[in-house]
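1. sequence and predicted structure below; questions after.
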Amino acid sequence: MIENKIQLKKISLAGTSKFFDESRFKINYKELLNNSQFEAVRSTEGAYLLIAGAGTGKTRTLVYRVARLIEMGYDPYSILLLTFTRKAANEMLKRASLLLDDRCSKIRGGTFHSFANLVLRKYHKAVGLDSNFTILDQGDSEDVINLIRSQSKFISNEKRFPNKQTLAKVYSLSINTNKNISEIIEENYPHFISLLDKILEIEKIYKEYKRKNNLLDYDDLLIYLRDFLFSESPAAKSLQSEIRFLMVDEYQDTNHIQAEIVQGLAAHHKNVMVVGDDSQSIYSFRGADFYNIIQFPKLFDDVKIIKLEENYRSYQSILDFANRIIRAALDKYEKNLFSRRGSGNLPQVIATVTENLQSKFIVEKILELREEGVKLNDIAILFRSSFHSFDLELELSKANIPFQKFGGMKFIESAHIKDVIAFLRIVENPKDIISWYRILLLHEGIGPKTAQRILDDIAAGKLNSKHEPEEKIKSKYEKVAPLFYLIYEISKPKFQPSEILQKVLYYYDELFKINYDDWNKRRKDLDIFQNIVENYADLDSLLSDLAIEPIIDSVVDIEPENKENEFVTLSTIHSAKGLEWDTVFIIHAVEGYFPSSRNADKIEQIEEERRLMYVAVTRAKNNLFILYPMNLFDREAGRTFSKPSRFLSDLSPDIAEGFLLESEF
C-alpha cells in the first residue's frame with residue numbers, strides 16, 4: 001500500500017485575493033456604478049475613507065458593497081453596518097436584499113446606540129451590568145438630575161442655579177467632546193462658574209444613582225461599549241473577531257467616543273470603511289467632532305481615500321455655487337462636485353428692502369412655480385434658526401398656501417405616552433425610581449413627600465413587585481394600593497407586552513382623564529401605541545427601541561382641519577440635511593443671522609456655519625433662491641443688520657445672478 005503523504009485542507013476562497021474576477025458575480029457592479037463608486041465597492045480588505053459629496057450616491061454605494069461582500073461568500077453576521085438612524089440601516093439592508101437576496105438582511109446593522117445596547121445586554125457580566133438595565137431617554141435623565149438638584153444644599157434664594165436641562169446638557173457635552181465640565185461651563189455658561197463645585201457634586205451623585213438603580217443614559221451606552229472593546233477581555237476579543245468588515249455611515253457626525261468605538265470594533269481584522277462628507281459636518285452642538293473625519297487616516301495603517309464627486313441631484317449651476325462656498329473652507333478634503341444633468345438656471349441672490357418684502361416675494365414665487373407644474377411638496381424654505389420664518393408663516397397663511405414646519409414634539413416625549421411607558425419600565429426594572437415617582441404623582445392625594453416615603457419602602461425591599469403586597473402596606477398607602485397590585489400582576493412572566501399594556505391602560509384610564517384636560521385629543525396616541533406594542537414579543541426589545549429609536553409623530557397638536565395633501569416645507573437647515581427638493585429658498589442670509597452672531601467669535605464655529613450654507617445649497621435640484629433683507633432689527637444685539645452674509649461675497653456673474661427688490665407687491 002502506498003502511503004498518502006499529501007493532505008488537502010479546505011479553505012474559504014473569500015479574501016484570497018484583493019480583487020475578484022467580475023464574471024463570477026450575479027450583479028454587474030462595473031456597469032451599474034460609476035468609476036469611483038465601483039472602486040469603493042470592490043475595495044474590501046483594509047481601511048478606507050470614502051468622501052461622498054452631496055448627492056453622489058453614497059447610499060447606493062454602501063448597498064452595492066454589502067451585496068458584493070455577500071456574493072464573495074462572507075458570513076452576513078461578520079458584516080457590521082453602523083448608521084445614525086435605524087431607518088437608514090433598514091433602508092440599506094432592504095435595498096441590498098432586493099438587489100441580491102435575503103442574505104443581505106442578515107448582516108448586523110443599526111445605530112451606535114442600538115448596537116451598544118445589544119452588546120451590553122449580551123456581555124453584561126463582562127461589563128459589570130445587570131442584564132435588565134433601563135435606558136434613560138433625555139427627559140428621564142433630566143428628571144433624575146432634577147431630583148438631585150432639588151436638594152436644599154444645592155438650591156438657595158441668593159443665587160440662580162442652572163436648571164435640569166442645562167445640567168444634563170453640560171454633563172453630556174463634557175462626555176461627547178472630551179472636555180472637562182469646568183471647560184464647558186467657562187465657554188458656554190460663565191455666569192455659573194462660581195457654582196462649579198455644586199455642579200460637579202451633582203454629577204457625582206447622578207453617576208452613583210444610575211449605578212445603584214441599574215440605569216444607563218444615552219452617553220453611558222457608548223462609554224460602556226468603548227470601555228468593553230478596549231478591555232482586552234476574552235468576551236471583547238470574541239466580539240472583535242466576529243466582525244470581519246465594518247462600515248460606518250455619516251462618519252463626519254461622530255463624536256470622539258464613537259471614533260474610539262470604530263477603532264475598537266475594527267481592532268482584529270482592520271477591515272473598515274467610513275463614509276461621510278467633511279463639508280456636511282454641522283452637528284457640533286450635539287458633540288460631533290469635525291476633526292474625526294479629517295484625522296481618520298491616522299487611526300489605521302495605509303488608509304486609502306476614495307472620493308465620490310459626481311452629483312445626481314442638482315444642475316451644474318447649483319453645484320458651481322456650492323463648490324464656490326466650500327472652496328474657502330480652511331480644513332477640507334479637496335473635491336469638485338459635477339453633474340451630467342446640464343447647466344440649469346443660475347442661482348438667484350435677492351436683496352429685499354424689508355423682511356416682509358422677502359416673505360411676499362417667496363409667496364408670489366411659490367404661486368408662480370405652482371402654475372408651472374412644480375408641486376408644493378417639491379418646494380422648501382430653509383433657515384438658520386426657527387424664528388426666522390415667523391413673518392413668512394403669516395404671509396403663507398394669508399395666501400392660503402399650506403405649509404409644514406419641522407421640529408414639533410416627538411411622540412415619545414408626549415406626557416401621556418411617558419406615563420404609560422413608566423408602567424412598562426417598572427415591570428422590566430423594579431428599581432426604576434424615576435418611573436415609580438412619575439406614576440405615583442399621577443394619583444390624587446399623593447404629593448412629593450408621600451411619593452418619597454413610598455420610594456424609600458421600595459428601596460428597602462418592603463415593596464417588591466415579585467410578591468403580592470402585604471395588607472399592612474396596602475393600608476399604609478391606601479390611595480395607591482390598587483397600583484401595587486397591578487404592578488405585581490403584570491410582572492408575572494406569562495404576559496406578552498400587548499397584554500401588559502391592556503391591563504395598564506385599563507388602570508390608567510381614570511388617571512388619564514384626571515391629569516389631562518385634553519385627554520380626548522390625546523386618546524388616539526394611546527391607540528397608536530397599542531398598535532406599536534403588538535409588534536413586540538418581549539418588553540426588553542420594546543423599551544430599548546423606544547429609548548434608542550423613538551417614534552417621531554404625535555397626533556397631539558396636529559391641526560385636524562388641514563386636509564391638504566400638498567404642503568410647502570419650512571425647515572431649519574439642520575433638519576433638512578439628507579433631503580432634497582426641486583426648489584429651495586434660503587432666507588435671512590444676513591451677517592448676524594447666517595452666520596449667527598453667536599458663532600462669530602471662533603474660527604471653528606464660522607467654518608461650521610460655512611458648511612451649513614453648503615448643506616442648504618445642495619438640497620436644491622433645479623431652482624435655488626437666496627434672500628437677505630437689508631433692514632432687520634435684532635432685539636438681542638440691539639442693532640440693525642444690513643450686510644449680506646459673508647458666504648455671498650465676491651460671487652461672480654457666472655456663479656449667481658443678483659437682484660434688488662425695492663417695491664411693495
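-> Great, that's in hand. As the structure is a prediction and not an experimental result, all values here were calculated from the model. Numbers count the residues shown, from 1 in each chain.
2. quick check: residue 492 is in a strand.
-> No: Residue 492: not assigned to a strand; according to DSSP: H, G, I helix; E, B strand; the rest coil it is coil.
3. helices and strands of this protein: which one has the lowest mean pLDDT?
-> Least confident helix or strand, the chain: strand 639-641 with a mean of 60, by mean pLDDT, DSSP states H and E.
4. packing partners of the helix or strand following it?
-> For strand 639-641, the following helix or strand on the C-terminal side (DSSP states H and E) is strand 657-661. The helices and strands touching strand 657-661, judged by 3 or more CB pairs under 8 Å, 6 or more residues apart in numbering; DSSP states H and E, are strand 348-354, helix 355-371. Placement of C-beta: from N, CA and C, glycine included.
5. mean confidence for the top helix by length along the chain?
-> Ordering each helix of the chain by length in residues (DSSP state H) puts helix 497-515 first. Mean pLDDT, helix 497-515: 90.
6. next SSE downstream of it?
-> helix 519-533.
7. list the buried ones in that next one?
-> By 16 or more other CB atoms under 10 Å, the buried positions in helix 519-533 come out as 522-523, 525-526, 528-529, 532-533.
8. which of those residues sits closest to residue 169?
-> Ranked by distance to residue 169 (CB to CB), those are led by residue 525 at 27.3 Å.
9. correct me, but the closest one touches residue 417?
-> Yes: with contact defined as CB atoms under 8 Å, residue 525 reaches residue 417; the gap is 5.9 Å.
10. turn the buried residues of helix 519-533 into CSV, columns for distance to residue 647 and pLDDT.
-> CSV is the format used below for these (distance: CB to CB, whole Å; pLDDT from 0 to 100):
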residue, distance to residue 647, pLDDT
522, 44, 79
523, 48, 79
525, 42, 79
526, 47, 84
528, 42, 74
529, 44, 82
532, 43, 75
533, 48, 81
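11. what about the longest strand seen in the chain, average pLDDT?
-> In the chain, taking DSSP state E as the definition, the longest strand is strand 620-634. Throughout strand 620-634, pLDDT has a mean value of 86.
12. next: stretch 94-114.
-> On average, stretch 94-114 scores 84.
13. what's the end-to-end length of that stretch?
-> Stretch 94-114 stretches 18 Å from its first residue to its last (CA to CA, to the nearest Å).
14. contacts for that stretch, please.
-> Identification of contacts with stretch 94-114 by CB atoms under 8 Å, 6 or more residues apart in numbering yields 26-27, 59, 63-64, 66-67, 70-71, 76-77, 79-86, 89-90, 92-93, 115, 118, 218, 221-222, 225, 243, 254, 258, 261, 544-545, 548-549.
15. gap between it and the chain center?
-> Remark: stretch 94-114 is offset 20 Å from the chain centroid, using CA atoms, centre = their mean, to the nearest Å.
16. can you pull the contacts of the residue lying closest to residue 314 once chain neighbours are set aside?
-> Closest residue to residue 314 apart from its sequence neighbours, by CB to CB, 6 or more residues apart in numbering: residue 621 at 5.5 Å. Going by CB under 8 Å, 6+ apart, residue 621 touches 313-315, 318, 580-582.
17. how near is residue 621 to residue 264?
-> 40 Å (CB to CB, to the nearest Å).
18. now residue 459
-> Residue 459 is 36 Å from residue 264, where distance means CB to CB.
19. more neighbours: which of those two?
-> Under the criterion of other CB atoms under 10 Å, the comparison of residue 459 against residue 264 puts residue 264 first, with 19 against 14.
20. sorry, back to before: in CSV, list the buried residues of helix 519-533 along with distance to residue 161.
-> As requested, the buried residues of helix 519-533 are arranged in CSV below (distance: CB to CB, whole Å):
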residue, distance to residue 161
522, 33
523, 38
525, 34
526, 36
528, 38
529, 36
532, 38
533, 39
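21. other SSEs contacting the longest helix of the chain?
-> Applying 3+ CB pairs under 8 Å, 6+ apart, we find helix 497-515 packed against helix 415-428, helix 433-442, helix 481-490, helix 519-533, helix 539-548.
22. packing partners of the second one?
-> Packing contacts for helix 433-442, counted by 3+ CB pairs under 8 Å, 6+ apart, involve helix 138-149, helix 415-428, helix 448-459, helix 497-515.
23. burial check on residue 406, number of neighbours?
-> 15.
24. let me fix that: residue 254
-> The local packing of residue 254 (other CB under 10 Å) involves 27 other residues.
25. could you do the one 5 residues further on as well?
-> Burial of residue 259 is recorded as 21 neighbouring residues (other CB under 10 Å).
26. on that earlier part again, what's next to the longest helix of the chain, contact-wise?
-> Contact partners of helix 497-515, identified using CB under 8 Å, 6+ apart, comprise 416, 419-420, 423-424, 427, 442-444, 482-483, 486, 489-490, 495, 519, 522, 526, 529-530, 533-534, 536-539, 542.
27. list the buried ones in it?
-> Buried, per 16+ other CB under 10 Å, within helix 497-515: 497-498, 500-501, 504-505, 507-508, 511-512, 515.
28. repeat that for stretch 382-390.
-> Going by neighbour count (16+ other CB under 10 Å), the buried part of stretch 382-390 is 382-384, 388-389.
29. make JSON lines out of those residues and add distance to residue 154 and pLDDT.
-> Below are those laid out as JSON lines (distance: CB to CB, whole Å; pLDDT from 0 to 100):
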{"residue": "382", "distance to residue 154": "41", "pLDDT": "94"}
{"residue": "383", "distance to residue 154": "38", "pLDDT": "91"}
{"residue": "384", "distance to residue 154": "36", "pLDDT": "87"}
{"residue": "388", "distance to residue 154": "37", "pLDDT": "79"}
{"residue": "389", "distance to residue 154": "39", "pLDDT": "80"}
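30. picking up where we left off before, closest one of the buried residues of helix 497-515 to residue 464?
-> Relative to residue 464, the closest of the buried residues of helix 497-515 is residue 500; by CB to CB it sits at 18.0 Å.
31. distance check, the closest one against residue 546.
-> Distance of residue 500 to residue 546, given as CB to CB: 14 Å.
32. and what of residue 102?
-> Taking CB to CB, one finds residue 102 at 28 Å from residue 546.
33. who touches residue 249 in this structure?
-> 58, 62, 81-84, 88, 92, 275-276.
34. change it to 6 Å
-> By CB atoms under 6 Å, 6 or more residues apart in numbering, residue 249 lies in contact with 83, 275.
35. swap in residue 290?
-> Residue 290 makes contact with residue 281, according to CB under 6 Å, 6+ apart.
36. check residue 389 too.
-> 383, 570.
37. helix, strand or coil: sort out it for me.
-> helix.
38. any idea how far it is from residue 405?
-> In terms of CB to CB, residue 389 sits 7 Å off from residue 405.
39. now swap in residue 69 and tell me
-> Applying CB to CB, the value for residue 69 to residue 405 is 41 Å.
40. higher neighbour count, those two?
-> Between residue 69 and residue 405, counting by other CB under 10 Å, residue 69 is the more crowded of the two (24 against 18).
41. surely residue 305 forms part of a helix?
-> No: Residue 305 is assigned strand when assessed by three-state DSSP, not a helix.
42. hey, where'd the strands end up in the stretch 101-250 of the chain?
-> 108-111, 134-136, 215-217, 245-248 (DSSP state E, counting those that start in this stretch).
43. which of those strands sits closest to residue 566?
-> Nearest to residue 566, of these and by CB to CB, is strand 108-111 at 32.0 Å.
44. then that closest one to CSV, C-alphas only?
-> Extracted C-alpha coordinates of strand 108-111, given in CSV (Å, rounded to 0.1, in the frame of the first residue of the first chain):
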residue,chain,number,x,y,z
ARG,A,108,-25.6,43.3,11.6
GLY,A,109,-27.0,46.8,11.2
GLY,A,110,-28.2,49.7,13.3
THR,A,111,-27.2,52.8,15.2
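45. paired strands for that strand, with orientation please.
-> Paired with strand 108-111 in the same sheet, following DSSP bridges, are strand 79-83 (parallel).
46. next secondary structure after the strand it pairs with?
-> Going down the chain from strand 79-83, the next helix or strand is helix 86-99, by DSSP H and E.
47. now that following helix: buried residues?
-> 86, 88-89, 92-93, 95-97, 99.
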